[in-house]
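Engineer: Pasting a predicted model and its sequence here:
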Amino acid sequence: MRHSLTGPAELPIGPLKKLRTGLRLFVLLFALPAAVLLGQSSADALFQPPRIIDFHFQFRQIAWLDTLYQSHADGEYRPAVVEVDGQRYDSVGVRFKGTSSFYGYPGDKKSLRVKFNKYSNFTLYGLKKVNLNNGLSDPTLLREKLYLDFLWQKQISAPRANFARVYLNGAYWGLYTLVEHVDKTFMQQRFGQKSGNLFKAQVAPLVYKGEDQAAYAADFELKTNEAQNDWSDLIHFMWLLADIRTTGKEIDQQFFLTPYLRAWAANNLFVNTDSYLGSASNYYLYQDVHDGRFRHIIWDVNLALGARNGAADLDVWYLPENRPLNARLLADPDTRKAYHDTLYAYLSSGFLPEQLFPQIDSLWQLIESDFLVDTLKMYSNDDVLSALDFDVGNTPGLKPFILERRAWLLTQTGLAEADRVETVAGLQIHSYPNPFNDQCRIDFRLPVAGPVQLALFDVRGSKVRAVFSGSRSAGRHWIRFQADALASGLYWLHLRQGALSRVRKILLIR
């Protein structure tokens, strides 16, 4: 039958839908708490605390590198012996993986997927597969780890990450990001189940194209239950999204809404546009076996924090064409507000320079020496050493990007309600001359009267001077700033009033 978008409310019935009414009350009453679903596992030793793990691969083939390139073409694993954390695995499967990270990364340092149970019943700390990512477009090699750690802390469904020194047939192949794989083991650990349908998005905007399953073959790949090959509930979900009258409550009947709002907010905050937010790719949908609802899982985040397009001014309400899920949620006042409030909660708890910069410094101290001797990486050592603080090609400096992203978000009016305290239209800061020598004038404007702090930070995020701290009336003010013994270089002025802040670059030249 055909389903008119303006027709009756009765929905098409997939094989799980008849079970939902009776199961929903049971699930609501007896569902496992998040702490259980994100419980401990033996794989925790791989990902916490931050460390570098050695992977020594030995291939028996004479032309082993050629066979790895062929593995990318045919998708088949090649046998290898590997030693990890002092444990030898006599036969595992290895292949090159990825699209951009394969074709866009110069040289032979390609991303790898390792399947420990390909030929024997091996696991690595309970994991059957892991990924070794080459950090395409990230001269710091920190973005993926930084964002995935944030997602883990916020209990947002996504893999975990650490670092790996990779050796192929005795040669140091470079420093990689070690990333958990999304598979049945992942589902069991996160959701307490593993037998539901797992769909991997290729380019999947969730646009309804009719009932023919073949119409979605380029959108998704079914990774589990391939023999049954039942897409009817996923198609039904897209049918629901196609109706512009669909509300957030109706979406929540088929999709875990609150976890998705957290993921959406995080993707926007970290400018992870290589996701459903932008490219409509790099995510999974897992169908819960109890009530049939879908869960969203973030995947492949190495282009977050400006590595994809360098833009810190991504709008809070960014919505490309043909993203019906986000469009329906933005059209519903309740889910629109819930998304907005989640994003701003993360902005004030987790996306702060005083939280992120020490984490960046600690991770960099961990990997610096191994990354610098990586001769196959796509960046020079000069680029790598400057990438925390300065742009490298189209990729912005990591710390300045975080400061600019935070400042931009705090200038947005959010829901545009007259009484919203986040509105910062009047909070401004300027300095001149800029660049300056010895002294400059700093002008700032406050939207309301009250305490205000003005501080100076260096490019590594360290506070070097408290410029002003006190109460001021609403309106314009100015301060003469004397550089005194400060060294030449780039600095950041950080103006804060309550929960609001603005930043401004200044350049001291002596």
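Structural biologist: Great, that's in hand. Numbers count the residues shown, from 1 in each chain.
Engineer: Leaving out sequence neighbours, find the closest residue to Asp85.
Structural biologist: Ile53 (6.1 Å; Cβ to Cβ, 6 or more residues apart in numbering). From N, CA and C alone the C-beta is placed, and that goes for glycine too.
Engineer: my read is the one you found is in a helix, agree?
Structural biologist: No - looking at Ile53 with DSSP: H, G, I helix; E, B strand; the rest coil, it is strand, so not inside a helix.
Engineer: which ones are touching it?
Structural biologist: Ile53 makes contact with 46, 84-85, 162-165, 178 under the criterion Cβ atoms under 8 Å, 6 or more residues apart in numbering.
Engineer: Which entries within those meet the buried criterion?
Structural biologist: Neighbour counting over the contacts of Ile53 (16 or more other Cβ atoms under 10 Å) leaves 46, 84, 162-165, 178 as the buried ones.
Engineer: Using JSON lines, lay out these together with distance to Phe102.
Structural biologist: Shown next, in JSON lines, are the buried ones among the contacts of Ile53 (distance: Cβ to Cβ, whole Å):
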{"residue": "Leu46", "distance to Phe102": "24"}
{"residue": "Val84", "distance to Phe102": "23"}
{"residue": "Asn162", "distance to Phe102": "22"}
{"residue": "Phe163", "distance to Phe102": "20"}
{"residue": "Ala164", "distance to Phe102": "18"}
{"residue": "Arg165", "distance to Phe102": "21"}
{"residue": "Leu178", "distance to Phe102": "18"}
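Engineer: Just those: which are in helices?
Structural biologist: Leu46 (DSSP state H).
Engineer: of the buried ones among the contacts of Ile53, closest to Gly489?
Structural biologist: Using Cβ to Cβ, Phe163 comes nearest to Gly489 of these, at 29.5 Å.
Engineer: Once you drop chain neighbours, what's closest to the closest one?
Structural biologist: That would be Ile52: by Cβ to Cβ, 6+ apart, it lies 4.6 Å from Phe163.
Engineer: OK, contacts around that neighbour?
Structural biologist: Contacts of Ile52 by Cβ under 8 Å, 6+ apart are 162-165, 175, 366-367, 370.
Engineer: Now intersect those with the strands, please.
Structural biologist: 162-165, 175 (DSSP state E).
Engineer: picking up where we left off before, so which of the contacts of Ile52 comes closest to Tyr286?
Structural biologist: The nearest one, if we look at those relative to Tyr286 and count by Cβ to Cβ, is Asn162, at 23.5 Å.
Engineer: Please identify the buried residues of stretch 386-400?
Structural biologist: Buried, per 16+ other Cβ under 10 Å, within stretch 386-400: 386-392, 395-400.
Engineer: Contacts only, for Ser279.
Structural biologist: 203, 273.
Engineer: State the pLDDT value of it.
Structural biologist: What the model reports as pLDDT for Ser279 is 96.
Engineer: got any ranges where the stretch 1-150 of the chain has weak pLDDT?
Structural biologist: With pLDDT under 70 as the threshold, the stretch 1-150 of the chain has low-confidence stretches at 1-40.
Engineer: Okay, strands next: where are they in it?
Structural biologist: In chain order, the stretch 1-150 of the chain shows strands spanning 52-58, 78-84, 87-96, 112-115, 129-133, with DSSP state E, counting those that start in this stretch as the criterion.
Engineer: Please convert these to TSV, extending it with distance to Arg323.
Structural biologist: Putting those into TSV (distance: least, Cβ to Cβ, whole Å) gives the following:
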stretch	distance to Arg323
strand 52-58	37
strand 78-84	39
strand 87-96	31
strand 112-115	29
strand 129-133	26
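Engineer: what's the closest of those to Leu234?
Structural biologist: strand 129-133 (23.5 Å).
Engineer: now the angle from the closest one to strand 52-58?
Structural biologist: 100 degrees (axes from the mean of the first three to the mean of the last three Cα atoms, to 10 degrees).
Engineer: Can I get strand 129-133 as PDB, trimmed to CA atoms?
Structural biologist: Extracted as PDB, the C-alpha positions of strand 129-133 are listed here (Å, rounded to 0.1, in the frame of the first residue of the first chain):
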ATOM      1  CA  LYS A 129      37.700  -5.500  15.900                       C
ATOM      2  CA  VAL A 130      39.600  -2.200  16.300                       C
ATOM      3  CA  ASN A 131      40.500   0.600  14.000                       C
ATOM      4  CA  LEU A 132      43.800   2.400  13.600                       C
ATOM      5  CA  ASN A 133      43.100   5.800  12.100                       C
END
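Engineer: Run through who's touching it.
Structural biologist: By Cβ under 8 Å, 6+ apart, strand 129-133 touches 46, 55, 97-98, 101, 111-116, 124, 144, 159, 164, 166, 176-181, 183, 185, 302.
Engineer: Which of the three states applies to Arg262?
Structural biologist: helix.
Engineer: Tell me the spacing between it and Tyr339.
Structural biologist: 9 Å (Cβ to Cβ, to the nearest Å).
Engineer: Give me the buried positions along whichever helix in the chain runs longest.
Structural biologist: Taking DSSP H as the criterion, the chain has its longest helix at helix 353-372. Residues of helix 353-372 classed as buried by neighbour count (16+ other Cβ under 10 Å): 353, 356-357, 360, 363-364, 366-367, 370-371.
Engineer: from those, which is closest to His296?
Structural biologist: Leu356 (24.2 Å).
Engineer: so what's that closest one up against?
Structural biologist: 146, 402.
Engineer: ok, now with 10 Å
Structural biologist: With contacts defined as Cβ atoms under 10 Å, 6 or more residues apart in numbering, Leu356 is in contact with 146, 150, 305, 350, 398-399, 402-403, 406, 461.
Engineer: Report the buried members of those.
Structural biologist: Neighbour counting by 16+ other Cβ under 10 Å classes 146, 150, 305, 398-399, 402-403, 406, 461 among the contacts of Leu356 as buried.
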